[in-house]
Structure formats: C-alpha cells, structure tokens
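1. Show me the folded form of this:
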Amino acid sequence: MLTFWHWKWLGIKNTEFKCVKGKLYLSPIKDLFNNEIIAYDLVRSPNSEQITQMMKQAVARLAGAKPILHSDQGWQYQMIGYQNILRENGI
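-> As a prediction, the model looks like this:
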C-alpha cells in the first residue's frame, strides 16, 4: 500500500534513447524518497501530450497528495496544459 508521507519530493526528466528503429523518449516521475517510478510515458517523438498523459497517471496515483515536483524546466514543462494540471492539483 502506498502512503503519503514519502511523497513529498518528486523528480521528472525527459530522456532520449537511441534504438535500432529510431529514438524513443521516456518521461518518468520518480519518488525521490524511495526511487519508485510513480508514472511514465514512452513515445517516438516528444510532445506535450506525452507530458499530459504522464501527469494524468501521476495525479490518479497520488490520490490527493500535494508533493513538490522538480523538473529541468524544458519546453515540455513550460506548456500551459502541464502548468494547468499542476495548478488544478495543488502541485
């Protein structure tokens, strides 16, 4: 069972992987307390929808917790949709 007490700090970072058939982009959210992956999305081309889907997974899993989220402030994390999800969920 997941508990709120360790969901104080979460980290997020988009990572590119070069594969035989092209590139893949992984966007995970990691619990910085125990290194558990809270949510992730994997796509062939980075886009704002990837971040939106990953954040929807995370919000559903956090069930009311209000953690602090650290990101590298790349272009994906400056999009209005992403900012709105954070604001609407008190993150």
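2. C-alpha coordinates for the helix with the most length in the chain, CSV please?
-> Counting residues, the longest helix in the chain under DSSP state H turns out to be helix 48-62. This file holds the C-alpha atoms of helix 48-62, laid out as CSV (Å, rounded to 0.1, in the frame of the first residue of the first chain):
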residue,chain,number,x,y,z
SER,A,48,3.1,18.0,-24.9
GLU,A,49,0.6,15.1,-25.0
GLN,A,50,3.3,12.8,-23.6
ILE,A,51,3.6,15.1,-20.5
THR,A,52,-0.1,15.4,-20.2
GLN,A,53,-0.7,11.6,-20.2
MET,A,54,2.2,11.1,-17.7
MET,A,55,0.8,13.8,-15.3
LYS,A,56,-2.7,12.3,-15.5
GLN,A,57,-1.3,8.9,-14.4
ALA,A,58,0.6,10.6,-11.6
VAL,A,59,-2.4,12.6,-10.3
ALA,A,60,-4.6,9.5,-10.3
ARG,A,61,-2.0,7.6,-8.3
LEU,A,62,-1.2,10.4,-5.8
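3. Which residues does that helix contact?
-> Contact partners of helix 48-62, identified using CB atoms under 8 Å, 6 or more residues apart in numbering, comprise 2, 7, 10, 14, 25, 27-29, 38-41, 43, 76-77, 79, 81-82, 85-86, 89, 91. C-betas here are computed from N, CA, C, even on glycine.
4. let's go with 10 Å and repeat that
-> With contact meaning CB atoms under 10 Å, 6 or more residues apart in numbering, helix 48-62 is reached by 2, 4, 7, 10, 12, 14, 25-29, 37-44, 47, 65, 67, 69, 71, 74-82, 84-86, 88-91.
5. Thanks a lot, catch you later.
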